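Engineer: Here is the input, now give the coordinates:
(one chain, ligands or ions: 2)
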Amino acid sequence: MRTRPLKVALLGCGVVGSEVARIMTTHADDLAARIGAPVELAGVAVRRPSKVREGIDPALVTTDATALVKRGDIDVVVEVIGGIEPARTLITTAFDHGASVVSANKALLAQDGAALHAAAEEHGKDLYYEAAVAGAIPLIRPLRESLAGDKVNRVLGIVNGTTNFILDKMDSTGAGYQEALDEATALGYAEADPTADVEGFDAAAKAAILAGIAFHTRVRLDDVYREGMTEVTAADFASAKQMGCTIKLLAICERAADGGSVTARVHPAMIPLTHPLASVRGAYNAVFVESDAAGQLMFYGPGAGGAPTASAVLGDLVAVCRNRLSGATGPGESAYAALPVSPMGDVVTRYHISLDVADKPGVLAQVATVFAEHDVSIDTVRQQGKDGEASLVVVTHRASDASLSGTVEALRKLDTVRGVASIMRVEGE
Ligand SMILES: NC(=O)C1=CN([C@@H]2O[C@H](COP(=O)(O)OP(=O)(O)OC[C@H]3O[C@@H](n4cnc5c(N)ncnc54)[C@H](OP(=O)(O)O)[C@@H]3O)[C@@H](O)[C@H]2O)C=CC1
Ligand SMILES: N[C@@H](CC=O)C(=O)O
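Structural biologist: Ligands and ions are numbered 1, 2, ... in the order given. Model (predicted):
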C-alpha cells in the first residue's frame, strides 16, 4: 500500500458534506485498504466558518473555496455545495489545477454536464456523480458501466423522496396535499421552500442525468418536459383506485423504437398496483430499467439524507482515487452520441381525463366525437350524474400527447363541458 495519502478537498459541509467527513474519518482504514492508499481530508470549504462542525479540525475549515481548489496538491475535490455558482467555477478550477471531482450536484450536472465532462476529459481527470440521482441507490455506475453492453430502452423512476412521501400519504390516509406536505416538512423530508420538489424541478434534473447516461447521449434540464404534483387531488386517487392504480410522480426516459431519438419527462401518473413502482412507499426512491438483453431491472433504496447520499459520494471517492493511482480515468465525453430529444407532443401513452359536463342527452356523443376527430381512441367511459351535472371519466388507448392536447383544447370549447377537472397519464402497463 502507498503510504503517501491522497488529498481530498471537501467543498460544503452541510447535510451531505458533514456525513462525508464523518465516514472518511470513521472508515479511514477500510477506505485506505480499498483504495490502496490512505485518504486525507486536506480542507473543508463552508460559508459560515464559526458554525461548530463535529469531528472536523477547525484548522481545516475555510471560506475560501477557490484558494483550496487552487492549492495544486489536491487529488480529489468533493463538491457538495449545490446550486450552479460557485459550484461550476470551483469544479472547472479543480480540473485546471490537477484534481478529479466527485459531485452530488444534480442541478449543475443537468444544466452543464456536457461542458463539465469536456473539461474533465481535456485535463485527463474524472468527474463522478453517483449521488446526484436517487441518493444512495447505485444507479449511475450500473447504467454507465454494468449495462454498457446492453441497450437500455426505458427508464421509469420515482426519484424524489419528498413527493413520493406526500403522494403515498394522500393515497394511504386520504390526507389532502397541504396536510401531507406539512407532515413531510415536519419530518425533514421537504425543504422550507419545497418548490423544487413539488413542482418537479428536482426530478427533472435527475431525469436529464438518467436519460443522458442510459442512452449514452446528452439531455439537458431544458429538454425535460415537467409537471409538478401540487394539483393531484383525493378525487384523482379515488379514480386511480377504481382503475386498480395509484399515483406517483414519475421520471420517464424513453428511446424511440427506431433508436434515433429520446424523450425525457416528469409528471404525476397513474400506475397499476401490480407494477413494482406502485409499492414504493414513503420517501424511498426506485428506478425501473428496461433493456434489450437484461429485461427488467429495479433499483430501490433511500434517495436522500446525509448518510445515504454520503455512501454514494464515498463510493465515487474510492473509484476516483483508484483511477488516480492507476493513471486511468472513467468513461468520458467521447463515449457519448448526440441523439435529438423529441418534444412532449411525440410521446405516446394512455390518458385518464376527468370532465365536468352537463348531464343531458347527446353530451356523451359530443365528447366522443371530439376524441375521434383528434384520432384518440377511447378505451372506457364512466359517468356519474347529479342535479343536471355529471362527472365523466374517459380513459383512452395509446395516443400521442399532441393529439391529446388538441382533444382537450377542443373539449374546453364545448358549451356542455363545464371544465376539465384533471388529465393524468397512465404508465407502466
Ligand atoms: N440533502 C440530500 O438529501 C441530498 C443532497 N444532494 C445534493 O448534495 C449537495 C449538497 O446538499 P446538502 O448537503 O443537502 O446542502 P446543505 O445546504 O446542507 O449544505 C451546503 C453546504 O455548502 C456550503 N456552502 C454554501 N455556499 C458555499 C460557498 N459559496 N462556499 C463554500 N461553501 C458553501 C454550506 O456552508 P455552511 O455550512 O456554512 O452553510 C454548507 O456546508 C447538493 O448538490 C444537493 O442537491 C443530493 C442527494 C440528496
Ligand atoms: N429533495 C430531494 C433530495 C434528494 O435529492 C428528495 O426529496 O428526493
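Engineer: contacts and neighbour counts: CA atoms only from here.
Structural biologist: OK.
Engineer: what about the closest residue to Ala192 other than its chain neighbours, helix or strand, and which?
Structural biologist: Sequence neighbours aside, Thr185 is the residue nearest to Ala192 in space, at 7.1 Å (criterion: C-alpha to C-alpha, 6 or more residues apart in numbering). Using DSSP states H and E, Thr185 sits in helix 177-186.
Engineer: and if you look at Ala192?
Structural biologist: Using DSSP H and E, no element contains Ala192; it sits outside every helix and strand.
Engineer: now the helix holding Thr185, how far from the centre of its chain.
Structural biologist: 21 Å (C-alpha atoms, centre = their mean, to the nearest Å).
Engineer: I'd like the average pLDDT over it.
Structural biologist: Averaged across helix 177-186, the pLDDT comes to 91.
Engineer: Excluding its own residues, what touches that helix? List them.
Structural biologist: Thr162, Phe165, Ile166, Leu167, Lys169, Met170, Ala190, Glu191, Ala192, Thr230, Val232, Thr233 (C-alpha atoms under 8 Å, 6 or more residues apart in numbering).
Engineer: Could you list the low-confidence segments of the stretch 201-350 of the chain?
Structural biologist: In the predicted model, the stretch 201-350 of the chain carries pLDDT under 70 at residues 333-335.
Engineer: what about the helices in it?
Structural biologist: Using DSSP state H, counting those that start in this stretch, the helices assigned to the stretch 201-350 of the chain run over residues 201-214, 234-242, 306-326.
Engineer: Dump these to JSON lines, plus mean neighbour count.
Structural biologist: Converted to JSON lines, those look like this (neighbours: other C-alpha atoms under 10 Å):
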{"stretch": "helix 201-214", "mean neighbour count": "28"}
{"stretch": "helix 234-242", "mean neighbour count": "17"}
{"stretch": "helix 306-326", "mean neighbour count": "21"}
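Engineer: what number of residues lie near Ile247?
Structural biologist: 28 (other C-alpha atoms under 10 Å).
Engineer: Quick check: bridge partners of Leu41?
Structural biologist: Val8 (DSSP bridges).
Engineer: tell me the contacts of it?
Structural biologist: Lys7, Val8, Ala9, Leu10, Ala21, Met24.
Engineer: Please tell me how far Gly327 sits from Leu297.
Structural biologist: Per C-alpha to C-alpha, to the nearest Å, Gly327 is found 33 Å from Leu297.
Engineer: how about the residues of the protein that lie near ligand 2?
Structural biologist: Listed as neighbours of ligand 2 in the chain under the rule C-alpha under 6 Å from any ligand atom: Asn160, Gly161, Thr162, Tyr189, Asp197, Gly303, Ala304.
Engineer: Run through the residues that contact the third one.
Structural biologist: Think Thr162. Contacts of Thr162 by C-alpha under 8 Å, 6+ apart are Ala184, Tyr189, Ala190, Asp197, Val198, Ala283.
Engineer: any idea how this structure splits into domains?
Structural biologist: Under automatic domain parsing, the residue ranges defining each domain of the chain are 6-134+306-333, 140-302, 344-426.
Engineer: And the residue of the stretch 251-400 of the chain that's closest to ligand 2?
Structural biologist: Nearest to ligand 2 in the stretch 251-400 of the chain, going by C-alpha to the nearest ligand atom, is Ala304, at a distance of 4.3 Å.
Engineer: So what's the residue count around Ala99?
Structural biologist: Neighbours of Ala99 using other C-alpha under 10 Å come to 31.
Engineer: hang on, it packs against Lys125?
Structural biologist: Yes - the pair Ala99 / Lys125 is scored as a contact, 6.9 Å apart, by C-alpha atoms under 8 Å.
Engineer: Surely Ala304 is in contact with Val159?
Structural biologist: No - Ala304 lies out of contact with Val159 (C-alpha under 8 Å); the separation is 9.4 Å.
Engineer: what's the nearest residue to Ile209 if we skip its chain neighbours?
Structural biologist: Nearest to Ile209 is Ala110, by C-alpha to C-alpha, 6+ apart, at 5.6 Å.
Engineer: List of residues touching whichever helix or strand the one you found is part of?
Structural biologist: Assigned by DSSP H and E, Ala110 belongs to helix 106-122. For helix 106-122, contacts defined as C-alpha under 8 Å, 6+ apart pick out 82-84, 87-88, 91-92, 95, 100, 126-127, 132-133, 202, 205-206, 208-209, 218-222, 332-333.
Engineer: Now do whatever helix or strand comes next after the helix holding Thr185: which elements does it pack against?
Structural biologist: Per DSSP H and E, the first helix or strand lying C-terminal to helix 177-186 is helix 195-198. Judged by 3 or more C-alpha pairs under 8 Å, 6 or more residues apart in numbering; DSSP states H and E, the packing partners of helix 195-198 are helix 161-173, helix 201-214.
Engineer: interface residues of the protein facing ligand 1?
Structural biologist: 11-17, 45-48, 63, 65, 80-82, 86, 104-106, 131-132, 135, 304-306, 309.
Engineer: I'd like the list of these that fall within strands, please.
Structural biologist: Leu11, Ala45 (DSSP state E).
Engineer: quick one on the thing from earlier: what's the angle between the helix holding Thr185 and helix 161-173?
Structural biologist: Interaxial angle, helix 177-186 versus helix 161-173 (axes from the mean of the first three to the mean of the last three C-alpha atoms, to 10 degrees): 130 degrees.
Engineer: Weed out the non-buried ones from the contacts of helix 106-122.
Structural biologist: Neighbour-count burial within the contacts of helix 106-122 applies to 82, 87-88, 91-92, 95, 100, 126-127, 132-133, 202, 205-206, 208-209, 218-221, 332-333; the criterion is 16 or more other C-alpha atoms under 10 Å.
Engineer: CA atoms only: put stretch 136-148 into CSV for me.
Structural biologist: Only the C-alpha atoms of stretch 136-148 are listed here, as CSV (Å, rounded to 0.1, in the frame of the first residue of the first chain):
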residue,chain,number,x,y,z
ALA,A,136,-27.7,6.0,-2.0
ILE,A,137,-29.0,3.9,-4.8
PRO,A,138,-26.2,2.6,-7.2
LEU,A,139,-27.7,3.8,-10.5
ILE,A,140,-25.2,5.9,-12.5
ARG,A,141,-22.5,3.3,-12.4
PRO,A,142,-24.8,0.3,-13.3
LEU,A,143,-26.2,2.3,-16.2
ARG,A,144,-22.9,3.7,-17.4
GLU,A,145,-20.8,0.6,-16.8
SER,A,146,-22.7,-2.6,-16.0
LEU,A,147,-25.3,-2.1,-18.7
ALA,A,148,-22.8,-0.6,-21.2
